[in-house]
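A.B. asks: Just need the structure, nothing else, for what follows:
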Amino acid sequence: MYINRSTAKVLQIFAGHITESFTLREVARRLKMHVSLTHRAIQPLIENHMIQQDKHKNLVLNYKTHHETLAFVEYLRRDDLLSKRKFKDINLFAEEIVHKIKEDSFVLLVFGSTVESDKPRDIDILLIVDSTDKVEFHEKFLHNIASDYDLPFEERVIGFESVYEMLSKREEKNVMNELLNKHIILYGAELFYRLIQRGRS
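C.D. replies: The predicted structure is shown next:
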């Protein structure tokens, strides 16, 4: 599916708020776009089932398909955050982890106040690995790298099974449910959406 600039901007809104729904006017207001232009940008996303209508006729992301396109959009969001000078050390931190980690399948993301605030109190980092048996090792791995940076990192590591368990409890306040609408994926965006698809099926 071809994604032009306007459509990419629209998708970034929905990717940043995976389980939230919006009216057309809300999307237009967030993007500071005319409603007619916003409608034109959203229409191909509806036709390709990337955006759906909920029971109230509001628009919501379909996170179960087009994971490659969603990964592309997530990396646009990441690059937008990391291009800010104050977050350049987060970029270096992420690059170091991706370079040094020995895993093939993992997700690295930042969530919480860093996504919304210019001056976050903590920088919440989550590493998702494929096995619970690997959590303790990677907690030490992550902490050792984070300690080289003069940043208020709060690191956490969980396995796939914990992801599925948390996502299955949709009404529970837990880290996975919190970050669905407050995250920036630093690495592993396509895998992230596959985990959500399975965990929320």
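A.B. asks: next structured bit after the worst-scoring helix or strand of the chain on mean pLDDT?
C.D. replies: Using mean pLDDT, DSSP states H and E, the weakest-scoring helix or strand in the chain turns out to be helix 113-116, at a mean of 88. Sequence-wise, the next helix or strand downstream of helix 113-116 (DSSP states H and E) is strand 123-129.
A.B. asks: so how far is that next one off the chain centroid?
C.D. replies: 11 Å (CA atoms, centre = their mean, to the nearest Å).
A.B. asks: Please apply the same query to stretch 155-167.
C.D. replies: With CA atoms, centre = their mean, you get 15 Å for stretch 155-167.
A.B. asks: got it, and stretch 124-134?
C.D. replies: For stretch 124-134, the distance to the chain centre is 15 Å (CA atoms, centre = their mean).
A.B. asks: Three-state assignment for the residue lying farthest from the centre of the chain, please.
C.D. replies: Ranking residues of the chain by C-alpha distance from their mean position (CA atoms, centre = their mean) puts Ser36 at the top, at 27.8 Å. Assigned with DSSP: H, G, I helix; E, B strand; the rest coil, Ser36 falls in the helix class.
A.B. asks: Show me what counts as buried in the least confident helix or strand of the chain.
C.D. replies: By neighbour count on 16 or more other CB atoms under 10 Å, the buried set for helix 113-116 is 114-115. C-beta coordinates here come from the backbone N, C-alpha and C atoms, glycine included.
A.B. asks: who touches that helix?
C.D. replies: 16, 81, 87, 90, 120-124, 182-184 (CB atoms under 8 Å, 6 or more residues apart in numbering).
A.B. asks: go again using 10 Å as the cut-off
C.D. replies: For helix 113-116, contacts defined as CB atoms under 10 Å, 6 or more residues apart in numbering pick out 16, 77, 81, 87, 90, 109, 119-125, 152, 179, 181-184.
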